[in-house]
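A.B. asks: The following block contains a protein sequence and its predicted model.
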Amino acid sequence: MCCQNGIPGGSISSPDSAGELISGGQYPSMGSNMSTLDRAKVIIQFCKDNGLPVEFGIGLAGVWAAESNIKTDIYNKAEHNNGFAYKNKHAPNAEKVSYGGQTYYKDQANMMKFGYGKGLAQWSWFRNFEFRDWYNSGADGYKTPGLSTMDTNAANITATTVETQTAFAWKEMQERTGQFMSVVNSLKEGHVSYTENEEKFKANITTAVDAVLRGFENGSTKNMASTKQIDKYTWDGGYSGAMKKRVGRAIGFYEELKKAGDPILS
């Protein structure tokens, strides 16, 4: 799994790569009866409602289609079964504990056991618990119906809706005040209608995919990851392979929506 600032987070991960991703388990899917395209439309509409161009929404949906097939209840089986272990900085003199035959600091134990990748963006490690805290403080008004509180271990991230998970991702994105948001703002300024200039419209989708891949899945609050960094960490055939897969899914959504004459494109 890739890293953000050297710390695992939502990152490049697919069923044929870092570990099998499976649906179900302890918590039911919120949206299991929706098609993949309908789940993509929720993401696109959320982006539009928050002032983002439709091209960005399509690009984001394409990334998550490759990441999790836009399934809210998906989780990383290997990380779930084996514990998500990662060496990090610790409090001075922190007590050590044994888990899975290895020694860790006690302040890691909860994250190690419950920090496995979950949801649309495969949030993992400390970002699970940031999701929990955000949700329990109100979720910016995007709480999932019937789920008043997220559990202590954030295991029921997988019980939240596409809209809730997209809202948390947008909250994270806005904290990336450097290169990533600069690209997002340029996409706002350069937005075109697909009927006006389809070539430019598709180019904007590709730009959005690149920004999400290098600036949200990877990178830091200030800088997007380089293509060489993606080559190092991805299981999808390096940067070019990851882009091909994600852009392909995004353009596929666009073509389906265009064929249906869906007003969400306007």
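C.D. replies: Cool, got the structure.
A.B. asks: so residue 66 touches residue 249, yeah?
C.D. replies: Yes. In terms of CB atoms under 8 Å, residue 66 counts as a neighbour of residue 249; the distance is 5.5 Å. No exception for glycine: its C-beta is placed from N, CA and C like everyone else's.
A.B. asks: and the gap between residue 69 and residue 233?
C.D. replies: Here the criterion is CB to CB, to the nearest Å. By it, residue 69 lies 21 Å from residue 233.
A.B. asks: which of the two has more neighbours?
C.D. replies: More crowded of residue 69 and residue 233, by other CB atoms under 10 Å: residue 233, with 19 against 16.
A.B. asks: What is the burial count for residue 142?
C.D. replies: 19.
A.B. asks: same question but for residue 239, I mixed them up
C.D. replies: The burial count assigned to residue 239 is 22, neighbours taken as other CB under 10 Å.
A.B. asks: measure it to residue 245 for me?
C.D. replies: Using CB to CB, one gets 11 Å for the distance from residue 239 to residue 245.
A.B. asks: Check residue 214 too.
C.D. replies: Separation of residue 214 from residue 245 (CB to CB) stands at 14 Å.
A.B. asks: now the nearest residue to residue 152 once chain neighbours are set aside, what's its secondary structure?
C.D. replies: Counting by CB to CB, 6 or more residues apart in numbering, residue 132 is the residue found nearest to residue 152 once chain neighbours are left out, at 7.6 Å. Under the three-state scheme (DSSP: H, G, I helix; E, B strand; the rest coil), residue 132 adopts helix.
A.B. asks: Isn't residue 132 up against residue 155?
C.D. replies: No. Contact criterion CB under 8 Å: residue 132 and residue 155 do not qualify, at 9.4 Å.
A.B. asks: which stretches of the stretch 151-266 of the chain form helices?
C.D. replies: According to DSSP state H, counting those that start in this stretch, the stretch 151-266 of the chain carries its helices in the segments 162-174, 179-189, 198-215, 227-233, 238-260.
A.B. asks: just checking, what packs against the second one?
C.D. replies: Contacts of helix 179-189 with other secondary structure elements, assessed using 3 or more CB pairs under 8 Å, 6 or more residues apart in numbering; DSSP states H and E, are made with helix 54-68, helix 162-174, helix 198-215.
A.B. asks: Of these, which stretch is the most buried?
C.D. replies: Comparing the helices and strands packed on helix 179-189 on average neighbours per residue, with mean count of other CB atoms under 10 Å, the densest one is helix 54-68 at a mean of 28.
A.B. asks: moving C-terminal of that helix, what's the next helix or strand?
C.D. replies: The helix or strand immediately downstream of helix 54-68 is strand 75-76, counting by DSSP states H and E.
A.B. asks: quick one: that following strand to chain centroid distance?
C.D. replies: Strand 75-76 sits 13 Å away from the centroid of its parent chain (CA atoms, centre = their mean, to the nearest Å).
A.B. asks: now do stretch 63-78
C.D. replies: Using CA atoms, centre = their mean, the mean C-alpha position of stretch 63-78 is found 9 Å from that of the whole chain.
A.B. asks: same question, stretch 69-86
C.D. replies: 13 Å.
A.B. asks: One more: stretch 221-228?
C.D. replies: When distances are taken as CA atoms, centre = their mean, stretch 221-228 is centred 16 Å away from the chain's centroid.
A.B. asks: mind checking which helix or strand of this protein has the lowest mean pLDDT?
C.D. replies: The helix or strand with the lowest mean pLDDT-type score in the chain, counting by mean pLDDT, DSSP states H and E, is strand 7-8 (a mean of 34).
A.B. asks: Can you name the residues that contact the spatially closest residue to residue 178 that is not a sequence neighbour?
C.D. replies: Counting by CB to CB, 6+ apart, residue 222 is the residue found nearest to residue 178 once chain neighbours are left out, at 3.5 Å. Applying CB atoms under 8 Å, 6 or more residues apart in numbering, one finds that residue 222 lies in contact with 176-179.
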